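Participant: structure of the sequence below:
(one chain, ligands or ions: 1)
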Amino acid sequence: MKFFFPDSQDQIDPSFDFETEGRTRLRLRHREDLYAHEAFSKAPFDGVLVSKAVLQAGRYSLAQKQRMMRSGVREFFRISDPNLLTMGDCGAFAYVREEKPPYSVEEVVDYYQAMGFDFGMSVDHIIFGYDPTETRVNPDWHDRQELTTSLAKDFMREHLRSGSRFTPIGVAQGWSPRSYAHAVQELQNIGYTYIALGGMVGLRTRDILTCLSAIREILRAGVRLHILGVTRLDSMQDFADLGVASIDSTSPLRQAFKDERDNYHTEDRTYTAIRVPQVDANPQLLRKIKSGKVNQGEARRLERNCLLRLNEFERGECSVSQALEAILDYEALYSVGRSFENAYREVLADTPWKRCPCDICKSIGIHAIVFRGAERNRRRGFHNLYIFYQKLQAKRVPQPALITALEQEEVATA
Ligand SMILES: [Zn+2]
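Facilitator: Got it, this is the predicted structure:
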């Protein structure tokens, strides 16, 4: 099973000083900040998935976009490892509310080719809905499936016409096991040998497995599947048995700072990261300061004290209870809900970052478990990617070779 990381410019600043929280002045974000694959001696994924929507959404400047089109995806993302694959998609989530995808097939094929992607996904339109009984099917779902299939047909034609070198992936959208199987069948008829299943992010694992079983009935030998946005570690072997060759997901990264509790992953469990919010960036705290309930100077003192104690704890200069006391004193000031006391005591007693062999934990130590600002939170997300990849590999799910552009060329010229 290959794992692709959807990169939406989740970069870290290597000049960030965790003691002073200062940065090198005049920082050049794109040139100096590190992508996830650059933060490790070996990337914790098999490939990078880049959405056209991310590039269009304006997170890159016009100059950056132009440079990207000139230099290609590998140079722009500074991917030097030839084994790290690149996959492009349209980022259908970005236009899910629109009537039609905002890109033409020609434009997308041209973009994948110019960027030098290894794989490019056909233009698709997500169906938001699942009804295995087929009794509540929205007419819009049919329209979107037909549109997605017809765009895949045009995409394949344009790919052949333009002599593009990337491997085309046809996207299947559906709302039930039967409808997914129907979409995959159509894509096979068009000639696709690599097919991505969209719209499965919100499905329960057993529903995904039911869909895969239905697809399996019609899946031709040699046709590989990719599931978009789904990582269910416990089912990887089942996925592989049903023809899935690759997956992608930002979930390990996002859990680091979006999840209520499961922020720091390890081989056998998850931990809650220790919240030390910045006084100036915490809405609850700012509200309390504004209304006079909390003294700003006191808040800053408790915030600083937390960081100081955590640094001391890391050096073995204070105990779990001393560090915890500082954290809880500060928590009492900003928290509106329940306390994380037990979770914090547990993570401080276990010190899981000290056992983690990943490049992030080795370099920043206890800061990997501190929930505070993008530099720490994103690094913890990178650590989670590392753990996810280790777990995936430990499952020893077979790694089918994905058809590369080079192989395809050999087939074409044979
Ligand atoms: Zn780590």
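
Participant: care to break this structure down by domain?
Facilitator: What automatic domain parsing lists as the domains of the chain is 2-256+393-413, 260-380.

Participant: do the last one and the ion meet?
Facilitator: Meaning domain 260-380. Yes - using CB under 5 Å from the ion, domain 260-380 comes into contact with the ion via Cys356, Cys358, Ile360, Cys361. (Glycine included, C-beta is placed from N, CA and C.)

Participant: avg pLDDT for that domain?
Facilitator: Mean pLDDT, domain 260-380: 96.

Participant: for it, the distance to its chain's centre please.
Facilitator: 24 Å (CA atoms, centre = their mean, to the nearest Å).

Participant: and the end-to-end length of that domain?
Facilitator: 15 Å (CA to CA, to the nearest Å).

Participant: low-confidence ranges, the stretch 51-200 of the chain, go.
Facilitator: The stretch 51-200 of the chain contains residues with pLDDT under 70 at 57-59.

Participant: mind listing the strands for it?
Facilitator: Under the criterion DSSP state E, counting those that start in this stretch, the stretch 51-200 of the chain contains strands at 85-89, 119-121, 167-172, 194-197.

Participant: who touches Leu253 in this structure?
Facilitator: Going by CB atoms under 8 Å, 6 or more residues apart in numbering, Leu253 touches Phe5, Asp10, Ala36, Arg378, Gly381, Phe382, Asn384, Leu385.

Participant: quick one: the second one from Thr250, how far?
Facilitator: Per CB to CB, to the nearest Å, Asp10 is found 8 Å from Thr250.

Participant: repeat that for the fifth one.
Facilitator: Between Gly381 and Thr250 the computed distance is 8 Å (CB to CB).

Participant: between those two, which is the more surrounded one?
Facilitator: Of the pair Gly381 and Thr250, Gly381 is the one with more neighbours under other CB atoms under 10 Å, namely 27 against 18.

Participant: surely that one touches Ala256?
Facilitator: Yes - with contact defined as CB atoms under 8 Å, Gly381 counts as touching Ala256 (3.7 Å).

Participant: quick one: residues contacting Arg275.
Facilitator: So Arg275 contacts Ile327, Glu331, Phe340, Phe371, Arg372 (CB under 8 Å, 6+ apart).

Participant: which ones among these map onto strands?
Facilitator: Phe371 (DSSP state E).

Participant: which one of the contacts of Arg275 is nearest to the ion?
Facilitator: Nearest to the ion out of the contacts of Arg275 is Phe371 (CB to the ion; 15.2 Å).

Participant: that closest one touches Val276, doesn't it?
Facilitator: Yes - counting by CB under 8 Å, Phe371 touches Val276, with 6.9 Å between them.

Participant: of those two, who's got more company?
Facilitator: Neighbours were counted for Phe371 and for Val276 using other CB under 10 Å; Val276 has more, 23 against 18.

Participant: so what's that one up against?
Facilitator: Counting by CB under 8 Å, 6+ apart, Val276 touches Glu303, Cys306, Leu307, Leu310, Ile327, Tyr330, Val370, Phe371, Arg372.

Participant: from Phe16, how far out is the second one?
Facilitator: When CB to CB is applied, the distance between Cys306 and Phe16 equals 18 Å.
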